[in-house]
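Asker: Generate coordinates for the sequence data below:
(2 chains)
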2 protein chains.
Amino acid sequence: MTVLILTCEEDVTADMVVVHLHDAGVPVMRLDPADLTVGVSLSGEFVHGRFRGHLSSGGRLVSLGGLRSVWVRRPGVPAQRAQHASAWLTEEASQALYGMLRGSHARWMNHPDAARRARHKPWQLRLAQQCGLPVPATVITTFPRAAREFAERYPDLVVKPVSGAHPQDPPRAVPTSRVAPDTDFSAVAFGPTLLQRRIAKRADVRVTVVGEKLLGARKAAAPDADPQEVDVRFAGPGSPWEPVEVPPRTAETVLRYMREAELAYGAFDFVEDADGVWWFLECNQSGQFGFVEVETGQPIARTIAEWLGRPVPEERREADEPGVRAC
Amino acid sequence: MTVLILTCEEDVTADMVVVHLHDAGVPVMRLDPADLTVGVSLSGEFVHGRFRGHLSSGGRLVSLGGLRSVWVRRPGVPAQRAQHASAWLTEEASQALYGMLRGSHARWMNHPDAARRARHKPWQLRLAQQCGLPVPATVITTFPRAAREFAERYPDLVVKPVSGAHPQDPPRAVPTSRVAPDTDFSAVAFGPTLLQRRIAKRADVRVTVVGEKLLGARKAAAPDADPQEVDVRFAGPGSPWEPVEVPPRTAETVLRYMREAELAYGAFDFVEDADGVWWFLECNQSGQFGFVEVETGQPIARTIAEWLGRPVPEERREADEPGVRAC
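Answerer: Residues are numbered from 1 along each chain as shown, chains lettered A, B, ... in the order given. Alright, predicted model coming up:
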C-alpha cells in the first residue's frame, strides 16, 4: 500500500523522508495539489452505495483504498498551476481532492482538521495550560488599556504575531521582539496584539514528536548574547543544536497535548530558564525539522518514514481496494 | 448566560431568531467579525494556568466563560472593515477571535471544524451512503474518459459544482444543469467535474434539522414543468413549499448523518422520485431556511432559538465566569 505525500517540488525535507521510504521498499506517490489538473488527475465514483476513488500523477494511478497514509507536508494551492487557474477552480479542486481523501481510511500526518485547529495560538496556549505545561503569562488583546495593565504587571515583555508567517510573497516569518519599557500601546486598538512575559533564557529547546516518539534538541544561549535577540530563528550563529533527553514529566504532558490535538507530528518550541524549567512557546504542527536533523544527527526523517510506512492492519487491507496500478 | 451570534448586519434570517431569544429573555450578543477592530474588540489573558477572555461589541462586554452557545451564521471576513484592512490583519484577527472562542465551553451551531468538513461534497456523498440514504450515482473526475464511460452507463445526467457558490462579488450560486446526450467531455480535464444521474422528480424535499428536531417541507413539481429546469432554486414559481412528515426510517438516517458530521444544524436537500423515494442531493450546514419558514409556517427560527437558548447544566455554570457585564 502506498504513502501519499502532498508537497511542493522544491521541498527538500520531504526528499529526506522519501529516501527512507524507498530504502524500506514502501511505494510512494508524491504530488503537489497545485499541479491539478496539469499532471495530476483525480476521479471518484459513488455508485450503488460504494465509493471508488483514484489519484494519478506522473503516469501512475493509485486507488484511495490503497493508501496507507497521507503526509500533508507543504502542499501548494490546489490547481494554482492549472492552465485556466482561478479562485473558483482552486475551490473546486480543493473540495474534490481533500473531499475524496477524507473518504479514504489512510492515517494522516496531520489530518487537515487537526492541522487547522492546531494553528490557533490562543487554542495552543490554552491546551498547553490544561495539559500542565508551563506557559509564560500572555495576553492577546485589542484593548490598549488591557495591554498597559499587563505591561505594568509584567514589565519585561515580548510581542509576537498571533498567526504564523506574514502572507506576503514569499511568506515571511515575523520575528518575536522585546517591548521597550516606555511603549505606547494605543496602536493595539488597530489589531490583535500578543504580548508575553519574556523568559530570560539559558537555551532554546525543540521537541519533535512523531507519533509516540520524542526527539529533544537544545541550543544553549551564548553567555554574551545580545539580550534584544529573543527569536532563535533570527539570532546570530552561537552554539549548535544538540540532542537532549526530554524529562519524563515533560514527555508525558507533550504526548497528552498531541493526543488532545489529534496530531501525529508536532514541533514544540520551549525556552529553558535559569532554573532549567522548559516554558512552552508553541507547537508548530508543520514545523521544519531539517536543520535539527542536520545539526544533531537525530533520525527525524527516518522516524517519520517509519510512521508513514507502518504496515496496515489485516482487516483494513481486506476492506480496501488494491494499491498502485500501472496507468 | 449569553448567546453569541456571528453574522453580518444585513442577515434578516438571524433577526427572526433574535426575536425569539429576546422573547425568551435570553441575553444575545450579535457581532460581525468584519467589524474587528472597529466596534468589536477582544481580549484574552493566559496567566498562572488560567484563561480569561472577553468580547466587546456595541459598548457591551461578555466573558467567553459566560457564553451559552455560539451561532456561526453568516460571519464576515475578520477585520475586513478595519481602518487598515489587509490579508495579514484578517489572519491575525481570525486566529485571535476563533482561537479564543475555541477555548470557551459554549455549544456551537456549527463548530467551525465540523462546518468546514461538512462543506466537502465528496465527503457528504460518502457519509450519506454510509448512513444508508439513497444517493444518485455520481462521479467527480478530471478524466474525460471516466466522464464518457459514466455517461454511457447513465445517459441522463446533470452537472453541478463540486464546491458551493462561485466566489465572485457578490458570490453567485451555480445552477445544476442537464447534460446533453452528445456532450463532448474533453473539457473535464481542465477542472474537476461532478456528474450525477438525474432523478426524474415528483417533488423537491427540504429537511431542516435543528439538534434532534426535523422539519420536513415538500414542493411538488408542476406536471407541465420544463424538464430542463432541474435546479429548484432557479425554477419558475410552481407549487408552494408545504410541510411534510419525514418517514421514520429517513429521520433515523438523517439524524445518524448529523451525529457523524457533528452538526447541530443542517439543511438536507432531497428529490422525490415517482416511487416516492427521497434521493439525497446535499446537506448544507449553513443552508437558508427563511423561505421555507415563510411558505410553510414551520417554526424553524423558534426551534433554533430554543436550541441556542437551552439552559446550561449546573456544573458548567459553576466552572465558568460571570456572563454579560456593563462596559
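Asker: quick one: residue A:163 and residue B:88, what's the gap?
Answerer: From residue A:163 across to residue B:88, the span is 8 Å (Cβ to Cβ, to the nearest Å). (Each C-beta comes from the backbone N, C-alpha and C, glycine too.)
Asker: try residue A:198
Answerer: Distance from residue A:198 to residue B:88, by Cβ to Cβ: 24 Å.
Asker: what do you get for residue A:60?
Answerer: Counting by Cβ to Cβ, the gap from residue A:60 to residue B:88 is 39 Å.
Asker: Check residue A:66 too.
Answerer: Distance from residue A:66 to residue B:88, by Cβ to Cβ: 41 Å.
Asker: Tell me which of these two has more neighbours.
Answerer: Shown here are residue A:66 and residue B:88; by other Cβ atoms under 10 Å in any protein chain shown, residue A:66 has more neighbours (25 against 18).
Asker: wait, the more buried one sits on residue A:2?
Answerer: Yes - if you go by Cβ atoms under 8 Å, residue A:66 and residue A:2 touch, sitting 5.7 Å apart.
Asker: List the contacts of the residue nearest the centre of chain A.
Answerer: In chain A, the centroid-proximal residue (Cα atoms, centre = their mean) is residue A:286; its distance is 1.4 Å. By Cβ atoms under 8 Å, 6 or more residues apart in numbering or on different chains, the contact set of residue A:286 is A:72, A:73, A:74, A:110, A:115, A:265.
Asker: Look at it and give its secondary structure.
Answerer: coil (DSSP: H, G, I helix; E, B strand; the rest coil).
Asker: Low-confidence stretches in the stretch 201-327 of chain A?
Answerer: A:233-237, A:315-327 (pLDDT under 70).
Asker: residue boundaries of the helices in it?
Answerer: Using DSSP state H, counting those that start in this stretch, the helices assigned to the stretch 201-327 of chain A run over residues A:248-261, A:290-296, A:300-309, A:314-319.
Asker: tell me which element residue A:97 falls in.
Answerer: helix A:87-101 (DSSP states H and E).
Asker: got the residues of the stretch 151-300 of chain A near chain B?
Answerer: A:161, A:162, A:163, A:164, A:166, A:167, A:189, A:190, A:191, A:192 (Cβ under 8 Å from any Cβ of the partner chain).
Asker: nearest residue to the last one other than its sequence neighbours?
Answerer: Once its chain neighbours are removed from consideration, residue A:192 has its nearest residue in residue B:96; the separation is 3.7 Å (Cβ to Cβ, 6 or more residues apart in numbering or on different chains).
Asker: go on, the fourth one?
Answerer: Counting by Cβ to Cβ, 6+ apart, residue A:119 is the residue found nearest to residue A:164 once chain neighbours are left out, at 6.7 Å.
Asker: re earlier: what count of nearby residues applies to the residue nearest to residue A:192?
Answerer: Residue B:96 has 30 neighbouring residues, counting by other Cβ under 10 Å.
Asker: show me the contacts for it.
Answerer: So residue B:96 contacts A:121, A:122, A:140, A:142, A:162, A:192, B:42, B:44 (Cβ under 8 Å, 6+ apart).
Asker: what about 10 Å?
Answerer: Each residue near residue B:96 by Cβ atoms under 10 Å, 6 or more residues apart in numbering or on different chains is listed here: A:120-122, A:140-142, A:162-163, A:191-194, B:36-37, B:42-44, B:53, B:78-79.
Asker: List the contacts of residue A:298.
Answerer: Residues near residue A:298 by Cβ under 10 Å, 6+ apart: A:208, A:215, A:216, A:217, A:241, A:242, A:243, A:289, A:292.
Asker: And the furthest pair within those?
Answerer: Within the contacts of residue A:298, two members stand farthest from each other by Cβ to Cβ: A:242 and A:289, at 15.1 Å.
Asker: ok, these two, which is more surrounded?
Answerer: Counted by other Cβ under 10 Å, residue A:242 and residue A:289 do not tie: residue A:289 has more neighbours, with 24 against 15.
Asker: how about stretch A:241-248: buried residues?
Answerer: Buried residues in stretch A:241-248, counting neighbours by 16 or more other Cβ atoms under 10 Å in any protein chain shown, are found at A:241, A:244, A:246.
Asker: which one of those residues is nearest chain B?
Answerer: residue A:246 (21.1 Å; Cβ to the nearest Cβ).
Asker: For that closest one, give its distance to residue A:209.
Answerer: Distance of residue A:246 to residue A:209, computed by Cβ to Cβ: 9 Å.
Asker: thinking again about what came up before, helices - which of the contacts of residue B:96 land there?
Answerer: Of the positions in the contacts of residue B:96, A:121, A:122 sit in helices, assigned by DSSP state H.
Asker: Would you list the buried entries among the contacts of residue B:96?
Answerer: A:120-122, A:140-142, A:162-163, A:191-194, B:36-37, B:42-44, B:53, B:78-79.
Asker: I'd like the list of the residues you listed that fall within strands, please.
Answerer: Using DSSP state E, A:140, A:141, A:193, A:194, B:42, B:43, B:44, B:53 are the members of the buried ones among the contacts of residue B:96 that sit in strands.
Asker: which ones are touching the second one?
Answerer: Counting by Cβ under 10 Å, 6+ apart, residue A:141 touches A:147-150, A:185, A:188-189, A:192-195, B:41-45, B:53-54, B:96.
Asker: Endpoint to endpoint, stretch A:110-123 covers what distance?
Answerer: 17 Å (Cα to Cα, to the nearest Å).
Asker: May I see the buried residues of it?
Answerer: Neighbour-count burial for stretch A:110-123 flags A:110-115, A:117-123 (criterion: 16+ other Cβ under 10 Å).
Asker: TSV for these, including pLDDT and distance to residue B:258?
Answerer: Listed next are the buried residues of stretch A:110-123 as TSV, based on pLDDT from 0 to 100; distance: Cβ to Cβ, whole Å:
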residue	pLDDT	distance to residue B:258
A:110	96	26
A:111	96	21
A:112	94	21
A:113	93	17
A:114	95	22
A:115	95	25
A:117	93	21
A:118	94	26
A:119	92	27
A:120	92	25
A:121	93	31
A:122	94	28
A:123	95	25
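Asker: residue contacts, residue A:288?
Answerer: Contact analysis of residue A:288 by Cβ under 10 Å, 6+ apart lists A:13, A:74, A:206, A:208, A:233, A:267.
Asker: Find the residue closest to the fourth one in space, skipping its chain neighbours.
Answerer: Okay, so that is residue A:208. residue A:215 (4.5 Å).
Asker: Which member of the contacts of residue A:286 is positioned nearest residue B:136?
Answerer: So of the contacts of residue A:286, ranked by how close each gets to residue B:136 (Cβ to Cβ), first place is residue A:72, at 31.2 Å.
Asker: Return the set of residues that bridge with the closest one.
Answerer: Beta bridges link residue A:72 to residue A:6, judged by DSSP bridges.
Asker: I'd say it and residue A:111 touch.
Answerer: Yes - the criterion here is Cβ atoms under 10 Å, and residue A:72 meets it with residue A:111 at 8.1 Å.
Asker: anything in contact with each of those two?
Answerer: In terms of Cβ under 10 Å, 6+ apart, residue A:72 and residue A:111 are both contacted by the residues A:101, A:285.
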